[in-house]
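Enquirer: I would like to see how this sequence folds:
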Amino acid sequence: MKIGFIGLGIMGSRMAENLLKSGYELNIYNRTESKAKALIDQGAIWKDTPAEVAKSSEVLITMLANPEAVENTAFSENGFINHFENKLWMDSSTVNPTFTKKMVKEANLRNIRFVDAPVAGSLKPAQEGNLIFLVGGDKQDVNDLTPLMEIMGKKIVHAGQNSTGTSLKMVVNLMLAQSMLAFSEAVHLGTNLGIDRKFLMEFLANAAVTAPFLSGKVHKIADEDYFTEFPLKWMQKDLQLVAQSAYETETALPSGNVAKELYQLAKSKGLADEDFSAIFKLLGKE
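Expert: Numbering: from 1, shown residues only. Sure thing, here's the model as predicted:
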């Protein structure tokens, strides 16, 4: 099977590499060609446009920053959408459900089979093939993609028909962002009350009230190591998409919208390209 992969950022480059290591023929494209060099050196085939990727591939995986990037890559002059009839497109980008439904409609018009499959996980899980795929789409289409997802991830959650994978990702990232904030606030309060910070972090990392993913962030925060596993700017973007989805469904998200604005404030303070756990620094300053 010839696979096309578009979007070689922090996540996409690791996902693509795992497919390449498993022996698949991989056609790749990225807006910045230099980010593809390591994959090209390992045997991936560089294509000059998304259209060329589509023409050369049976399955296309997109892993892009936002809805605008997906739409531009698909529909620009050299986009892939009109060169992929009767083939299978898996979009692993984090986008909002309304946008996914729009892509489903466009895909159906061209007899393209479409699956939305954003992932839960960051740099290390992507590198190790331990991502969780949150999937929406036809059962047969999902089954056809399962061998690929099993190479890139450790778990596949088929939530239902198209857009349910994207919807589930909105829910997951809303909780992820708020859990990081709650932990940061709790540590700052405890420290200001006189509790030793190292003791407090180690206690909270294993406490029943703490989200499990935070155990992997405690030592980063303690060491002031904000090396980017999941950029803070993308967390803020995801919260903006969450807010948009809440508006469209008349869902009240009072704490979610506060979280969105706090991450926006962190961006404005120069923390955009650091790991989203750098929200801890913002609360310490403010």
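
Enquirer: the closest residue to T164 other than its chain neighbours and T100: what is the separation?
Expert: Among residues not flanking T164 along the chain, G136 sits closest, at 3.8 Å (C-beta to C-beta, 6 or more residues apart in numbering). C-betas here are computed from N, CA, C, even on glycine. According to C-beta to C-beta, to the nearest Å, G136 stands 7 Å off from T100.

Enquirer: please identify the helix or strand for I61.
Expert: Taking DSSP states H and E as the definition, I61 sits inside strand 59-62.

Enquirer: buried residues in the helix or strand harbouring A243?
Expert: Element membership of A243, judged by DSSP H and E, is helix 232-248. By neighbour count on 16 or more other C-beta atoms under 10 Å, the buried set for helix 232-248 is 232-239, 241-246.

Enquirer: quick check, T210 in contact with F203.
Expert: No: counting by C-beta atoms under 8 Å, T210 stays clear of F203, with 9.2 Å between them.

Enquirer: next one: the residue in the chain sticking out farthest from the centre from S93, what distance?
Expert: Relative to the C-alpha centroid of the chain, counting by C-alpha atoms, centre = their mean, G194 is the outermost residue, at 37.6 Å. Per C-beta to C-beta, G194 is found 45 Å from S93.

Enquirer: burial of E250, as a residue count?
Expert: The local packing of E250 (other C-beta atoms under 10 Å) involves 6 other residues.

Enquirer: same check on M15?
Expert: Neighbourhood size, M15 [other C-beta under 10 Å]: 26.

Enquirer: number the chain from 631, please
Expert: Got it, first residue is 631 now, which makes that one M645.

Enquirer: skipping adjacent residues, who's closest to it in space?
Expert: Closest residue to M645 apart from its sequence neighbours, by C-beta to C-beta, 6+ apart: M782 at 4.7 Å.
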